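**Student:** dropping the sequence and predicted coords here.
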Amino acid sequence: MSDRRPTRFPPVGLAELQQLSIKASDLMTRARDAALEPNRQKILRKWSISEVAELLSTNADTLARRLKKKPELPQGEESGRKRLFTLAELHAIQADMGLLPRRDPATDAPITMAVCNFKGGVAKTTTSIHLGQYLALKGYRVLMLDLDAQASLTQMFGILPHLEVESRNTVLPYLEETPGFPFYRVLKDGIATVSSNYDVIVIDTAPALSFVNSNALFAADGLVLALPPAMIDLGSAAQFFELMAQLIEQTNSYESTPKIYDPFAILISKFKPADEVHQTLAGWIRTRFEDQTVLAPMLESTVLQKVGPEILTAYEVSSYEGDRRTFQRALQSLNDVNGELEAAIRRQWPSRRQAPAERALRAATG
């Protein structure tokens, strides 16, 4: 009796590769649509009055009294026993309290932050998207740039880049128009055409020193180096600093003003608190790079591992099915990291150097 089962691992040539590409694209579309049922697009969650109060550094009772006194403000929509607010409504309340943190265009320049490492798997995209969303929740105007060919950041917004984004709607036109310009500054010039509309521009970079990344690193005002506490990642960090120094030395020879990154932050990413090796290496990183290291590490959490396939970030999860304490630990880790980076960004703006807590207290009591 002959075995008529199809051949396992058949040979693959050009025609087969083209078919595999079609199948993979179809699979991605099906997965995205299934994850975003029933609307097949990302719908931003809404926030309860207690969550709004927390974001505004006040308490729910104080906020409820304020809304009652000012019926012209958004009152939210009733959902069972809760009142839920959209992000736009949250920001309208925030503006009324004088707490919108946006820069003053007369004195403050937009700031571009690049999340980088020339090694993959260090949580660059996780860092980028949660930093951008944290700032947006706080009321900043944020532009996200996805410069990684894998386009994971774009996919986290529910967009299939290779199927739904034409090349003319990417940074490619700027990168192609290089004649007559220094090769490393075309992206910076492109960002300058829209940056006045934003407070912060966050760039998710690719894990390589390339033409695109050279542009990203020159366009950046500040850098976040995502660095897991592992020996192989420490080695990659040493290479990163060496190659960065060579790049900046080259660009400085052409520019009238030397390149300075402010802030320059090293983020200990994918940190496991119970892992002794992680504890040891994280301690070494903090000791060796005391002035540059973010005090709070970004935890390696099942929360961040689970939300990816659902095309949800931790800031988009409204109901977590697992252990709520696990979720809260991960969320607190993100808030601590992003809070430090927010403070570093604000230091660049003369009009916004007052501590947010001081302004919140004045608004709540005024």
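**Tutor:** Ah, there it is.

**Student:** looks like D233 contacts G120 (just checking).
**Tutor:** No: the pair D233 and G120 does not pass the contact test of CB atoms under 8 Å, sitting 10.6 Å apart. The way it works is simple: take the backbone N, C-alpha and C, and place the C-beta from them, glycine included.

**Student:** neighbour count for these two, which is higher?
**Tutor:** D233 (21 against 12; other CB atoms under 10 Å).

**Student:** could you confirm that one falls within a helix?
**Tutor:** Yes: assessed by DSSP: H, G, I helix; E, B strand; the rest coil, D233 belongs to a helix.

**Student:** quick check: it vs P110, distance?
**Tutor:** According to CB to CB, to the nearest Å, D233 stands 31 Å off from P110.

**Student:** next one: F327
**Tutor:** Distance, F327 to P110, by CB to CB: 33 Å.

**Student:** just D221 next, same as before
**Tutor:** 8 Å.

**Student:** equivalent analysis for P10, please.
**Tutor:** Applying CB to CB, the value for P10 to P110 is 53 Å.

**Student:** confidence score at S2?
**Tutor:** S2 carries a pLDDT value of 54.

**Student:** what stretches of the chain score poorly on pLDDT?
**Tutor:** Residues of the chain meeting the criterion pLDDT under 70: 1-6, 35-36, 39-41, 178-181, 303-310, 354-366.

**Student:** strands along that one, start to end?
**Tutor:** Under the criterion DSSP state E, the chain contains strands at 47-48, 77-79, 82-85, 111-116, 142-146, 200-204, 222-227, 264-268.

**Student:** closest one to D323 among those?
**Tutor:** Among these, the nearest to D323 by CB to CB is strand 47-48 (20.6 Å).

**Student:** which strands and helices sit next to the closest one?
**Tutor:** On a contact count with 3 or more CB pairs under 8 Å, 6 or more residues apart in numbering; DSSP states H and E, strand 47-48 meets strand 82-85.

**Student:** buried residues of the strand it packs on, list them for me.
**Tutor:** Applying a neighbour-count criterion of 16 or more other CB atoms under 10 Å, one finds R83, L84, F85 buried in strand 82-85.

**Student:** and the gap between Y320 and S333?
**Tutor:** In this view, Y320 and S333 are 15 Å apart by CB to CB.

**Student:** more neighbours: which of the two?
**Tutor:** Remark: of Y320 and S333, S333 carries more neighbours, 22 against 17, as counted by other CB under 10 Å.

**Student:** can you map out the helices along the stretch 251-366 of the chain?
**Tutor:** Ranges of helices in the stretch 251-366 of the chain, per DSSP state H, counting those that start in this stretch, are 276-288, 302-307, 324-346, 356-365.

**Student:** cool, and the stretch 51-200 of the chain?
**Tutor:** Listed in chain order, the helices of the stretch 51-200 of the chain (DSSP H, counting those that start in this stretch) span 60-69, 87-96, 124-138, 152-156, 161-164, 172-176, 186-192.

**Student:** most tightly packed of these?
**Tutor:** Among these, helix 124-138 has the highest mean neighbour count (mean count of other CB atoms under 10 Å), at a mean of 23.

**Student:** packing partners for that helix?
**Tutor:** The contact analysis (3+ CB pairs under 8 Å, 6+ apart) places helix 124-138 against helix 87-96, strand 111-116, strand 142-146, helix 152-156, strand 200-204, strand 222-227, helix 324-346.

**Student:** need the contact partners of it.
**Tutor:** Residues outside helix 124-138 that contact it (CB atoms under 8 Å, 6 or more residues apart in numbering): 55, 87, 90, 101, 113, 115-117, 142, 144, 148, 152-153, 156, 199-200, 202-205, 207, 224, 226, 267, 269, 298, 304, 313-316, 334-335, 337-339, 341-342, 345.

**Student:** and for stretch 315-324?
**Tutor:** By CB under 8 Å, 6+ apart, the surrounding residues in contact with stretch 315-324 are 42, 44-46, 130, 133-134, 137, 302-303, 306-307, 327, 331, 334.

**Student:** for the nearest residue to K259 once chain neighbours are set aside, grab the count of nearby residues.
**Tutor:** In space, and not counting its chain neighbours, K259 is closest to I248: 4.9 Å by CB to CB, 6 or more residues apart in numbering. Residues lying near I248 (other CB under 10 Å) number 17.

**Student:** and I248, how far from A220?
**Tutor:** Taken as CB to CB, the span from I248 to A220 is 11 Å.

**Student:** related to what we said a few turns ago, more neighbours: P10 and P110, which one.
**Tutor:** Ranked by neighbour count (other CB under 10 Å), P10 and P110 place P110 first, with 21 against 7.
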